[in-house]
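> sequence-free structure coming up:
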């Protein structure tokens, strides 16, 4: 994977987008760390605590603050750009999308629970409608050429000819599921994370290589035809203790593997590539009743993809001056307390 190269020859539009990404990163950071934003966030926390049981019943899910957090940021974004924004009509966009004087601004809001999901506070994940970055295929191994990472956003809006910029705002919270809820305010986990996802026009400056893998995958099954029927292999407890070669042997003992299928392996799984159908199969853990088994599944594609965070942090503008493309804010409420004293 590659960080942004500053020694590559750049076009005029690339330099302009580099400066615009830095400009709006700073604006968004100012918004989400402002006193008024943090005060509103505190109000959300207080109401969630007060009406915890009602929210549990109404939403029926762990994440009780997703919608209201999106509403919070949308409110402050529109206040900031009031009078200078236009409606953005494309149905392919992030949670917040509006046309400004020089860009189409896209912002996705994620609320992350550190109870059981803390890893997502320190990794950057995105959906296909949230990026225009053009990445090369990922997870290639042996004869398998890898998965295509879809980027559904356009880099330049065809109607206005303005670049589409994408930012992620993550807000961390803690919910024990039994009535104890708080937004994170610690030095261990970030309270708020702001990330700029590079525009697709800049892809070659990162060697088209920012995405590392996928959070989850879409699989075929027998509803797609007999060929795609998952193949049961063995119990997970047995499988994980086998050597790599032993895993292949166990699969081939348990199910018929066509001779032309070629073995493929990754760090945490093994599988086969069918060169005729250009189809990859690999091992998947599935829980059946109370125990875990290993199956061989045909993989359709990756779903939610992950960026390499290290390369997102180190960004440069048109003058090759460094700026931070991913900023983690810790103990954010301390700032609010300091301002009120």
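Perfect, I can see it now. Since the structure is predicted, the reported quantities are computational estimates derived from the model, not experimental observations.
> and residue 249, what helix or strand is that in?
helix 244-254 (DSSP states H and E).
> okay, buried residues for that helix please.
Buried positions in helix 244-254, judged by neighbour count with 16 or more other CB atoms under 10 Å: 247-248, 250-251. Where C-beta positions appear, they are placed from N, C-alpha and C, glycine not excepted.
> so who does residue 149 touch?
135, 137-138, 211, 302, 305 (CB atoms under 8 Å, 6 or more residues apart in numbering).
> what do you get for residue 160?
By CB under 8 Å, 6+ apart, the neighbours of residue 160 are 99, 104.
> so where's the chain shaky on pLDDT?
Residue ranges of the chain with pLDDT under 70: 1, 59-61, 308, 337-341.
> biggest helix in it by residues?
helix 12-32 (DSSP state H).
> torsion angles phi and psi at the residue lying closest to residue 86 once chain neighbours are set aside?
Nearest residue to residue 86, sequence neighbours excluded (CB to CB, 6 or more residues apart in numbering): residue 99, at 4.1 Å. Main-chain torsions, residue 99, degrees, to the nearest 10: phi -90, psi 130.
> picking up where we left off before, right, and the helix or strand after the longest helix of the chain?
Using DSSP H and E, the first helix or strand after helix 12-32 is helix 35-50.
> list the buried ones in that following helix?
In helix 35-50, the ones that count as buried by 16+ other CB under 10 Å are 37-38, 40-41, 44-45, 48.
> how about those in TSV, adding distance to residue 121?
Shown next, in TSV, are those (distance: CB to CB, whole Å):
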residue	distance to residue 121
37	19
38	18
40	21
41	16
44	18
45	17
48	19
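> measure residue 172 to residue 327 for me?
To residue 327, residue 172 is 14 Å away according to CB to CB, to the nearest Å.
> that older thread, give me the helices and strands touching the longest helix of the chain, please.
helix 66-80, strand 164-175, strand 192-197, strand 314-316, strand 322-324, strand 326-329 (3 or more CB pairs under 8 Å, 6 or more residues apart in numbering; DSSP states H and E).
> residue 130: which of the ones you listed is closest?
Ranking the helices and strands packed on helix 12-32 by their distance to residue 130 (criterion: CB to CB) puts strand 164-175 first, at 5.8 Å.
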